[in-house]
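1. Sequence first, then the predicted structure:
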Number of protein chains: 2
Amino acid sequence: MVDTNAPAHKPRVVIVGSGFGGLNAAMKLAKLPVDVTVVDKKNHYTFQPLLYQVALAVLSPGDIAQPIRSILRENKNTEVIMDEVTGFDTVGQRVQLKSGTELIYDYLVLATGSTHSYFGKDEWAKLAPGLKTVEDATEIRRRVLLAFELAERKKLETGIHPELNFVIVGGGPTGVELAGAISDIAKLYMTKDFRHIDPSMAKVLILEGSPKILRMYPPDLQASAVKQLKALGVTCRTGAHVTDIQPGHVMVGDEQIESVCTLWAAGVQASGLGKIVAEGLGAKTDKRGCVIVDEHLNPGAHPNVFVIGDLAHVEENGKQVPGVAQPAMQMGAYAATRIGLLISGKAAAQKPFHYFDKGDMATIGRKAAVARISWPFHAHWSGFMAWVTWLTVHIFFLIGFRNRFSVFRQWFYTYLSFQDGVRLIVGSQDLPGWGNLNKPGAPEQTVPSANVASAAPAASH
Amino acid sequence: MVDTNAPAHKPRVVIVGSGFGGLNAAMKLAKLPVDVTVVDKKNHYTFQPLLYQVALAVLSPGDIAQPIRSILRENKNTEVIMDEVTGFDTVGQRVQLKSGTELIYDYLVLATGSTHSYFGKDEWAKLAPGLKTVEDATEIRRRVLLAFELAERKKLETGIHPELNFVIVGGGPTGVELAGAISDIAKLYMTKDFRHIDPSMAKVLILEGSPKILRMYPPDLQASAVKQLKALGVTCRTGAHVTDIQPGHVMVGDEQIESVCTLWAAGVQASGLGKIVAEGLGAKTDKRGCVIVDEHLNPGAHPNVFVIGDLAHVEENGKQVPGVAQPAMQMGAYAATRIGLLISGKAAAQKPFHYFDKGDMATIGRKAAVARISWPFHAHWSGFMAWVTWLTVHIFFLIGFRNRFSVFRQWFYTYLSFQDGVRLIVGSQDLPGWGNLNKPGAPEQTVPSANVASAAPAASH
């Protein structure tokens, strides 16, 4: 048992959230004379850059997620509490938790990241899931795989090959990754598994509202991404504003686009903690709910409170630092360093936070990617070379992570064999918009399979 | 594309269910001049003997489950339909599916197995999940891990170490496996992860209604199992009839037994198809709903219909064949062989079904087991030797299964390292009976941790 009555003189740092930012802060703080409490509503850290590979059934959740306790096990100054923050008492320096417990803090690091934004259309969430958590990934996997299963059943029943349109709303890195991966599994991995449908007839469509996909990338890489997506059979439509999402279709203005499976990769907003921070600490937020922080990552007049990662709105030279892994990690390290300097009274000497931009990458299927490299040299790479870079960097990121070799082995196996990933459908067998599969279909011009008695069985059965 | 207009003269075999029985039948039928349709409401086969290792976070679902399509990919005469059987038309020889489709059959193999029986108390299902599916395993994992997380929070809040009683209803092989595995993870794997509670203080209790645990085993192995369980800290209470299950406790008569997590391993009954078979084919069922079949595994006057595995009630010399993997596989093979003989007109020469009993095994934690071996020699083994046998047989069973080496590696790693399995809590953060953790607790005689402001925060916050 660990002594819970830690010496009173050790400052207490409470970290809320354990993504790239929060965990990086916790790792740095392990070496400082502080006590650390990490609060997260989940028990596990999720390596988000590979989440789409869980969604597309290449990896298992356990390959890319790990209990926070295990990660921080050797940090003897650190405890982990699975709970949710509901409020702050800045006078008493207390964090209020959902369970009713209050935690005293000397320093506070807030790093709960972002969540999907449906731009006020929250009813779309059930029809077009986004990809932020392991649960999201499992749900997307369920829907994508189920679309093929239901299509096979429909073909058997009616003799007509159903349309297999997958619509991805949003052409940022996540949208591009999902699109490439769906195209891959349809064209490469599933073709031998079905007897009636041809999975390679699946069509993948990206609907992007802005004029360009991957709009944070330089124009040459945008153009290359479109070309690489086209080679995979993915269609990109830009300037396409989705006006409605219904079971089985998506509306772009008056145009109805059929969709067996709609996925959301369009908008993000600050996690729910953003609002609590705004109210509890009197902090300002931007239109996405992200907390506006100063050059030391403090929200307004709270030098002992840090907001980092996707939850923070950080500007440098008038330009917003992007909400991706690298800046989140750097902010975590900065906040931890600053806490150490504040404790030792040397914080005045610290420079403002500076985002050291090493570049950006988005993968497109199993052997293509785009990479904007700004360190250790400047380059724009596309295609296989960019993909190898992406693979290397992501394996490097997984260092220290239990399953690095397992993930690599699984990738390598899937890559070489064109075979199974982890294609389990877990949960319900229903898919929005396919309810008509549970009713007898209209048998127009059908060529039912040999062993199907009737495409429209008599109601008397 | 596969030609769906198969030659009309090939007899069509419809197999419903793809466990040990159904898949084994499908594998044998791949070599016969028939067309095979496998119908299952899930898209994957589950290797049930290792399901408890998913439940206790050693393995991932993807390690022990595999899409049925992948398993049967090379069987060119076989198609797979993800659907559910809702009825039979024995005159027209048709299987009615939930989607509305009807499948014509010449031969029918019914193998949908068994499900939990709560002896009419279906309201217990939510409070005490059983272990039959990947979804069940994930839910049990969630509950077991969450109990430790909530206990840590409770200890932090109140300063009192909460009781960590796990109650398992039923002392058959599944109950014994779950009990041993919970004790293992509590005592061996989780102790370094928590700062406030001592996970090894968890208590595991098996409540068995009959006078003996593992009642299908010989007395010497029953006694050995009790002894081995005791060494792991598991208490076995026999003759203990559970009369009620509530959030947070279990009743045995008037005695209330506290339980942070109750699991069900007590009763099984035929899957829902049993009733449909009874009604649709006029078959007789036993008290568990299993279809009573003759010596050729036919239910009554239907020589072209076979009921196999846990769904069947088979008697040999007045003794019922047990509902485990070996007999299910043997029945699958028998039915397939018989279909071949019926087609070639040689069925009269076939002997009745005979269960070739190779033995039984139940594992008890990470290095103990009991094994009753009846082939190739007779023996009763206990302890480590039995465990090695169990391990060997289960790895042997996994031959041809994609993840055999992955599973072995994961086991070996977990076994040697005492470290992480796949301890992810996925889904809700609530646990029945722990609702009080979301309210301020009564602070009697508390020694709150250093950083906790108040065990009972003022309501005005």
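-> Noted; the coordinates are in hand. Residues are numbered from 1 along each chain as shown, chains lettered A, B, ... in the order given.
2. And the helices in the stretch 151-300 of chain A?
-> Applying DSSP state H, counting those that start in this stretch to the stretch 151-300 of chain A gives helices spanning A:173-184, A:219-231, A:273-281.
3. Could I get the CA-only coordinates of the shortest one as CSV?
-> This file holds the C-alpha atoms of helix A:273-281, laid out as CSV (Å, rounded to 0.1, in the frame of the first residue of the first chain):
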residue,chain,number,x,y,z
LEU,A,273,-14.8,20.8,-19.7
GLY,A,274,-14.4,23.9,-21.8
LYS,A,275,-17.7,25.3,-20.6
ILE,A,276,-16.9,24.4,-17.0
VAL,A,277,-13.5,26.1,-17.3
ALA,A,278,-15.2,29.2,-18.8
GLU,A,279,-17.7,29.4,-16.0
GLY,A,280,-15.5,28.2,-13.1
LEU,A,281,-12.4,30.2,-14.0
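4. Which elements pack onto that helix?
-> strand A:85-89, strand A:291-292 (3 or more C-beta pairs under 8 Å, 6 or more residues apart in numbering or on different chains; DSSP states H and E). For glycine as for every other residue, the C-beta is placed from the backbone atoms N, C-alpha and C.
5. Would you mind saying which of those strands lies nearest A:N75?
-> strand A:85-89 (20.8 Å; C-beta to C-beta).
6. which residues touch the next helix or strand after that closest one?
-> Where DSSP states H and E defines the elements, the next helix or strand beyond strand A:85-89 is strand A:94-97. Residues from elsewhere that reach strand A:94-97, judged by C-beta atoms under 8 Å, 6 or more residues apart in numbering or on different chains: A:14, A:16, A:39, A:81, A:83-89, A:102-105, A:108, B:453, B:457, B:461.
7. what stretches of the stretch 251-400 of chain A score poorly on pLDDT?
-> Across the stretch 251-400 of chain A, the ranges flagged by pLDDT under 70 are A:398-400.
8. Around A:A231, how many other residues sit close by?
-> 13 (other C-beta atoms under 10 Å in any protein chain shown).
9. repeat for the one 3 residues further on
-> For A:V234, the count of nearby residues is 26 (other C-beta under 10 Å).
10. And for the one 3 residues further on?
-> When neighbours are counted by other C-beta under 10 Å, A:R237 registers 15.
11. pLDDT score for it?
-> As predicted, A:R237 sits at a pLDDT of 98.
12. Check A:G435 too.
-> For A:G435, the pLDDT comes out at 55.
13. Using TSV, lay out the helices of the stretch 151-300 of chain A together with distance to B:L145.
-> Below are the helices of the stretch 151-300 of chain A laid out as TSV (distance: least, C-beta to C-beta, whole Å):
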stretch	distance to B:L145
helix A:173-184	28
helix A:219-231	40
helix A:273-281	24
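14. Show me which of these has the highest average neighbour count.
-> helix A:173-184 (a mean of 26; mean count of other C-beta atoms under 10 Å in any protein chain shown).
15. report the angle between the axes of that helix and helix A:219-231?
-> 30 degrees (axes from the mean of the first three to the mean of the last three C-alpha atoms, to 10 degrees).
16. where's helix A:173-184 relative to the chain centroid, distance-wise?
-> Its chain's C-alpha centre lies 13 Å from the corresponding centre of helix A:173-184 when counted by C-alpha atoms, centre = their mean, to the nearest Å.
17. which residues touch that helix?
-> Contacts for helix A:173-184 (C-beta under 8 Å, 6+ apart): A:52-53, A:55-56, A:58, A:131, A:140, A:144, A:166, A:168-169, A:202, A:204, A:206, A:208, A:213-214, A:225, A:228-229, A:232-234, A:263, A:265-266, A:360, A:362-366, A:368.
18. nearest spatial neighbour of the spatially most central residue of chain A, skipping sequence neighbours?
-> By C-alpha atoms, centre = their mean, chain A has its centre lying nearest to A:K132, at 3.4 Å. Nearest residue to A:K132, sequence neighbours excluded (C-beta to C-beta, 6 or more residues apart in numbering or on different chains): A:T115, at 6.0 Å.
19. Who are the contact partners of A:H380?
-> A:218, A:220-221, A:370-373.
20. 7 Å instead, please
-> A:218, A:220-221, A:372 (C-beta atoms under 7 Å, 6 or more residues apart in numbering or on different chains).
21. Next up, phi/psi of it, please.
-> phi -120, psi 120 (degrees, to the nearest 10).
22. and chain A, what are its domains?
-> A:12-113+A:271-349, A:120-265 (automatic domain parsing).
23. Any idea how far apart the tips of the last one sit?
-> By that I understand domain A:120-265. 15 Å (C-alpha to C-alpha, to the nearest Å).
24. From the chain's centroid, how far away is it?
-> For domain A:120-265, the distance to the chain centre is 16 Å (C-alpha atoms, centre = their mean).
25. what does the longest one give?
-> The chain centroid and the centroid of domain A:12-113+A:271-349 are separated by 17 Å under C-alpha atoms, centre = their mean.
26. one step back: can you say which of the contacts of strand A:94-97 are buried?
-> A:14, A:16, A:39, A:81, A:83-86, A:88-89, A:102-105, A:108, B:453, B:457 (16 or more other C-beta atoms under 10 Å in any protein chain shown).
27. At the contact with chain B, which residues of the stretch 51-200 of chain A appear?
-> A:60-62, A:65-67, A:69-70, A:73, A:79, A:81-83, A:87, A:89, A:92, A:94, A:96, A:98-104, A:134-135, A:145, A:149, A:152-153, A:156-157, A:192-193, A:195-196, A:198 (C-beta under 7 Å from any C-beta of the partner chain).
28. And the strands in the stretch 101-250 of chain A, which stretches?
-> A:102-104, A:107-110, A:114-117, A:165-169, A:203-207, A:234-237, A:242-246, A:249-252 (DSSP state E, counting those that start in this stretch).
29. Out of the ones you listed, which one sits most buried?
-> Of all the strands of the stretch 101-250 of chain A, as judged by average neighbours under mean count of other C-beta under 10 Å, the leader is strand A:107-110 with a mean of 28.
30. Chain neighbours aside, what residue packs nearest to A:L263?
-> A:I168 (5.0 Å).
31. Okay, and the beta partners of the one you found?
-> A:I206, A:L263 (DSSP bridges).
32. Looks like it contacts A:W264 (just checking).
-> No - with contact defined as C-beta atoms under 7 Å, A:I168 does not count as touching A:W264 (8.1 Å).
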